[in-house]
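Student: here is my input, please return the structure:
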Amino acid sequence: MFKKRLLWDVIKQSLGIILGSLIVATSINTFILPNRIADGGITGIAIIFHYLFQWDVGLTVFVLNIPLFILGYKAIGKRLLVLSILGVSFFTLALRFTGGLSAVTNDTLLAVVFGGLVTGIGMGIIFRSRGSLGGTDILAIVLNKKTPFSVGQIILGLDTIIFLGAAVLFKPEMAMYAMIYMFIASKVIDLVQAGLDNSKSVMVVTDKPEAIAADIIKILERGVTYFSAEGAYSQTKKKVIYSIVNRTQLSQMKEIVHKHDPDAFVSIAEVSEVVGEGFASWKGH
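Tutor: Numbers count the residues shown, from 1 in each chain. Alright, predicted model coming up:
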């Protein structure tokens, strides 16, 4: 049973990486390349080489990743390495497969916006499938172990160098458009991974915790957790209510608190993802 479930997980991951690679490749061939827009990472370098020497983007991506796979063999672990090789291989094939598609638009700004949207969807699917397209991510992990910089800072630095190279070799506008494209793609990646229904965490400091908790459980059908707290100034002990609700329930939550204790102290924070009863399940995570 365990082996069957493990096999099914591998199949689902592989299908997700294939689908995501196909979507990203389609975005590059129909939005990015026809409008001479740069990109970040190894794909960005391959695109610059394509503009300069007409090199095949897919083949260049694959060749440039080979030394990074060798370099990162010990740093990133066997599992991530295998998934990265799988992702790069599928991505290379997808770039060749979609290479004959026509440009969707010749408007650079539209290409940047919708290219970022489509690329973000594809990359989000790849990341949800625990996959990777290798590239500068691997190099960043390796450098992170040898420098005081975080993985995110290193990736940002490498992408900045690539964008500056595009600005110098071609024109500054190319780098500017590339930054917009990458920004949109990164936001869409977060949406695909975390989902659209961002929840809210609510903490309530009140003298009526039982009454408020009872209504939250009964009306909103959400769980409630108590925390014991003590006011630093008043030195009085209180119960703090902690609960997570979706966006549509937030106004009801406020009404419940105000009804029982208008003087309650309420703190509301954004929660990008919630896994558990009443929210998303662990399936697919």
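Student: strands along the stretch 101-250 of the chain, start to end?
Tutor: 199-206, 225-230, 237-246 (DSSP state E, counting those that start in this stretch).
Student: what does the second one rub up against?
Tutor: So that's strand 225-230. With contact meaning C-beta atoms under 8 Å, 6 or more residues apart in numbering, strand 225-230 is reached by Val205, Pro209, Ala213, Thr236, Lys237, Lys238, Lys239, Val240, Ile241, Tyr242, Ser243. For every residue, glycine as well, the C-beta is placed using N, CA and C.
Student: same thing but 10 Å
Tutor: 203, 205, 209-210, 213, 236-244 (C-beta atoms under 10 Å, 6 or more residues apart in numbering).
Student: on that earlier part again, out of the strands of the stretch 101-250 of the chain, indicate the one that is most buried.
Tutor: Neighbour counts (mean count of other C-beta atoms under 10 Å) averaged over each of these peak at strand 199-206, with a mean of 20.
Student: neighbours around Ile47, how many?
Tutor: 26 (other C-beta atoms under 10 Å).
Student: returning to that earlier point: of the contacts of strand 225-230, closest to Gly134?
Tutor: Ile244 (35.8 Å; C-beta to C-beta).
Student: show me the shaky parts of the stretch 101-250 of the chain.
Tutor: Counting by pLDDT under 70, the stretch 101-250 of the chain contains low-confidence residues at 152, 194-198.
Student: in it, which spans are helices?
Tutor: 108-128, 136-144, 151-169, 172-194, 209-215, 250-260 (DSSP state H, counting those that start in this stretch).
Student: alpha carbons only: can I get the longest one in PDB?
Tutor: What follows is helix 172-194, C-alpha atoms only, in PDB (Å, rounded to 0.1, in the frame of the first residue of the first chain):
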ATOM      1  CA  PRO A 172      17.700  49.600 -20.700                       C
ATOM      2  CA  GLU A 173      14.100  49.100 -21.600                       C
ATOM      3  CA  MET A 174      14.600  45.400 -22.000                       C
ATOM      4  CA  ALA A 175      15.900  45.100 -18.400                       C
ATOM      5  CA  MET A 176      13.000  47.300 -17.100                       C
ATOM      6  CA  TYR A 177      10.400  45.200 -18.800                       C
ATOM      7  CA  ALA A 178      12.100  42.000 -17.500                       C
ATOM      8  CA  MET A 179      11.800  43.300 -13.900                       C
ATOM      9  CA  ILE A 180       8.100  43.900 -14.400                       C
ATOM     10  CA  TYR A 181       7.700  40.400 -15.900                       C
ATOM     11  CA  MET A 182       9.600  38.800 -13.000                       C
ATOM     12  CA  PHE A 183       7.600  40.700 -10.400                       C
ATOM     13  CA  ILE A 184       4.300  39.600 -11.900                       C
ATOM     14  CA  ALA A 185       5.500  36.000 -12.200                       C
ATOM     15  CA  SER A 186       6.600  35.900  -8.600                       C
ATOM     16  CA  LYS A 187       3.300  37.200  -7.300                       C
ATOM     17  CA  VAL A 188       1.300  34.600  -9.400                       C
ATOM     18  CA  ILE A 189       3.600  31.900  -8.200                       C
ATOM     19  CA  ASP A 190       2.700  32.700  -4.600                       C
ATOM     20  CA  LEU A 191      -1.000  32.700  -5.500                       C
ATOM     21  CA  VAL A 192      -0.800  29.300  -7.200                       C
ATOM     22  CA  GLN A 193       1.100  27.800  -4.300                       C
ATOM     23  CA  ALA A 194      -0.900  29.400  -1.500                       C
END
